[in-house]
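**Student:** Return atomic coordinates for the entry below.
(one chain, ligands or ions: 1)
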Amino acid sequence: MNILDIIIERKRQEIKESKSKITLQQLKDSEFFNRNTLSLKETLQSKSGIIAEFKRQSPSKGIINDTVSPIEVVSAYENFGASAVSILTDKDFFGGNFNDILKVRREINIPILRKDFMIDEYQFYEAKSIGADVILLIAVCLSTSQVLEFTELSHQLGLEVLLEIHTEEELQHINKNIDFVGINNRNLKDFKVDLQHSVNLKNQLPKNVLSIAESGIYNTEDFNYLKEKGFDGFLMGEYFMKSENPAKAFEEFINKIS
Ligand SMILES: O=C(O)c1ccccc1NCC(=O)[C@H](O)[C@H](O)COP(=O)(O)O
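**Tutor:** Now for the predicted structure:
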């Protein structure tokens, strides 16, 4: 079993536990469920294009930063020009939780990507109930028909969809309703990172789709290279979070690229 198989197996149990504690109706009755979501399609083009991630730990790196406050960090991400923030909600493998999104929702006015492993309809209602605007679908974890179904459900709920692919075969998961296609530079099976990977696959994307380069962007040269290659967005976590002061690291990065 690779790490993704392990994460997905745990996720199935977690969803079962969540369903036994909170009903779908309770999610629908929650404070944020009926809010109008914010559009990453708009902010991707009007701001830096960076989707800045709040990430305490990861399977590939272990603890990255577990001392900083989500409000301080994501407020700086917003103030210095992030197009959106990505917040991990997986607890066991990434040290995330729903409260991170619930706490910051009132403080920021840019889209929030709920970053998790989405495999069940219930999680989309959860995402809406905690105040997310965008969700991630990871192609390797889903069939093409699940991607289609989950995209439709997300749109009914007002959530935009980032479909993450890693291989040429996964291009088949793209459907015309997907809002963004992310190409992950990190091989989720062996954690190797290769920017060239996303550049090669980008050439095979449908022409009109908004593309996001994900993972392994560690300096302004990486960012500029991917921008030159035509990516519309850039998902970056570790580079900012590994700093003692991610807010400052983000500010400095923005100053260097502008
Ligand atoms: O980061 C990992 O170790 C990882 C392992 C298994 C599944 C997903 C994983 N990462 C999720 C991501 O895609 C990244 O958090 C995101 O793209 C940001 O990447 P980075 O800038 O390299 O932190």
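**Student:** Against the ligand, how distant is V199?
**Tutor:** V199 is 16 Å from the ligand, where distance means CB to the nearest ligand atom, to the nearest Å. All C-beta spots, glycine's among them, are computed from the backbone N, C-alpha and C.
**Student:** who does the most centrally placed residue in the chain bridge with?
**Tutor:** The chain has K115 as the residue nearest its centroid, 4.2 Å off, counting by CA atoms, centre = their mean. Note on K115: beta-bridge partners by DSSP bridges are L88.
**Student:** now do A52
**Tutor:** With DSSP bridges as the criterion, A52 is bridged to V85, M236.
**Student:** Show the contacting residues for it.
**Tutor:** V74, Y77, A82, A84, V85, S86, M236, G237, F240, F250 (CB atoms under 8 Å, 6 or more residues apart in numbering).
**Student:** Output those of the residues you listed also counted as contacts of the ligand.
**Tutor:** M236, G237 (CB under 6 Å from any ligand atom).
**Student:** Let's have the contacts of A52 in TSV, adding pLDDT and neighbour count.
**Tutor:** Below are those laid out as TSV (pLDDT from 0 to 100; neighbours: other CB atoms under 10 Å):
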residue	pLDDT	neighbour count
V74	98	30
Y77	98	30
A82	98	26
A84	98	30
V85	98	27
S86	98	25
M236	98	26
G237	98	24
F240	98	28
F250	98	27
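**Student:** tally of neighbours for the closest residue to S46 other than its chain neighbours?
**Tutor:** Leaving aside its sequence neighbours, S46 sits nearest to S83 (CB to CB, 6 or more residues apart in numbering; 7.7 Å). Residues lying near S83 (other CB atoms under 10 Å) number 25.
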